[in-house]
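Visitor: The sequence isn't on hand, but the structure is:
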């Protein structure tokens, strides 16, 4: 049988439609699978909301203590053997963390003396984009932080630093505490985040 140009075009058309149909089915199947996998991966049990609320409260108390240089409250947000990994190094244990914050407070007192007679400058920290994975009495967290300062002659606010936290948390006697907090700071070359996303 002689194959004509018309026959070849016909088979090409059928072939293209068949390939397109297969691709469409594949895309739909992939989307369904991805949605199913997401539903299986993201699971919040009945305790998640309460645990998350407690952890967010912990994060807020940590920042209030930092901004007001309340060393005792700041240290109390960590477990007894907790680690604070920051620009000044890694401090382990509440006593070591307490001394770090007392050192910060002393530095701020020097700044205030240098700035006199201007009113004392103030720093304020904000936290956002909080992501948490909670499993029993353990949790890991990621969050952005921002620092605002007004240390200038006009006392005008400006954004002075930003970065993110990578946290490990533990529930001790019903209370969530940081067992480790690593502080990334994008204003410092040796504290910048890696190129890969820190969240999951």
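Guide: The structure has been received and is ready for your questions. Given the structure is predicted, the values throughout are model-derived calculations rather than measurements. Numbers count the residues shown, from 1 in each chain.
Visitor: quick one, domains of the chain?
Guide: Domain assignment for the chain, taken from automatic domain parsing, gives 1-43, 48-191.
Visitor: Which SSE is immediately downstream of the helix or strand of the chain with the lowest mean pLDDT?
Guide: When the helices and strands of the chain are compared on mean pLDDT, DSSP states H and E, helix 5-41 comes out lowest with a mean of 53. Secondary structure here is assigned by DSSP states H and E; on that basis, the next helix or strand after helix 5-41 toward the C-terminus is helix 48-67.
Visitor: And that next one, what does it pack against?
Guide: helix 71-76, strand 124-135, strand 138-149, strand 158-172, strand 175-185 (3 or more CB pairs under 8 Å, 6 or more residues apart in numbering; DSSP states H and E). Just so you know, the C-beta spots here come from the backbone N, C-alpha and C atoms, and that holds for glycine as well.
Visitor: other SSEs contacting the helix or strand where residue 95 lies?
Guide: Secondary-structure element containing residue 95, defined by DSSP H and E: helix 94-115. Counting contacts by 3+ CB pairs under 8 Å, 6+ apart, helix 94-115 is packed against helix 71-76, strand 78-86, strand 89-92.
Visitor: Now these in a markdown table, please, with extra columns for mean pLDDT.
Guide: Output for those, formatted as a markdown table (pLDDT from 0 to 100):
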| stretch | mean pLDDT |
| --- | --- |
| helix 71-76 | 97 |
| strand 78-86 | 97 |
| strand 89-92 | 94 |
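Visitor: got TSV for those, with distance to residue 155 too?
Guide: Written out in TSV, the entries for the helices and strands packed on helix 94-115 read as follows (distance: least, CB to CB, whole Å):
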stretch	distance to residue 155
helix 71-76	25
strand 78-86	26
strand 89-92	31
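Visitor: want to throw those into CSV with distance to residue 160 and mean neighbour count?
Guide: As requested, the helices and strands packed on helix 94-115 are exported to CSV (distance: least, CB to CB, whole Å; neighbours: other CB atoms under 10 Å):
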stretch, distance to residue 160, mean neighbour count
helix 71-76, 19, 19
strand 78-86, 15, 18
strand 89-92, 21, 14
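Visitor: quick one, which of the domains of the chain is nearest to residue 198?
Guide: Using CB to CB as the measure, domain 48-191 is the one of the domains of the chain that comes nearest residue 198, at 5.1 Å.
Visitor: wait, what's in contact with residue 158?
Guide: Residue 158 makes contact with 148, 149, 150, 152 under the criterion CB atoms under 8 Å, 6 or more residues apart in numbering.
Visitor: on that earlier part again, pull out the buried positions in the helix holding residue 95.
Guide: By neighbour count on 16 or more other CB atoms under 10 Å, the buried set for helix 94-115 is 94, 96, 97, 98, 100, 101, 104.
Visitor: Stretch 139-154 now?
Guide: Of all the residues in stretch 139-154, those buried under the rule 16+ other CB under 10 Å are 139, 140, 141, 142, 143, 144, 145, 147, 148, 149, 150, 151.
Visitor: Save those residues as TSV, and put in pLDDT and distance to residue 110 too.
Guide: TSV is the format used below for the buried residues of stretch 139-154 (pLDDT from 0 to 100; distance: CB to CB, whole Å):
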residue	pLDDT	distance to residue 110
139	98	37
140	98	37
141	98	33
142	98	34
143	98	30
144	98	30
145	98	24
147	96	19
148	96	21
149	94	16
150	94	17
151	89	12
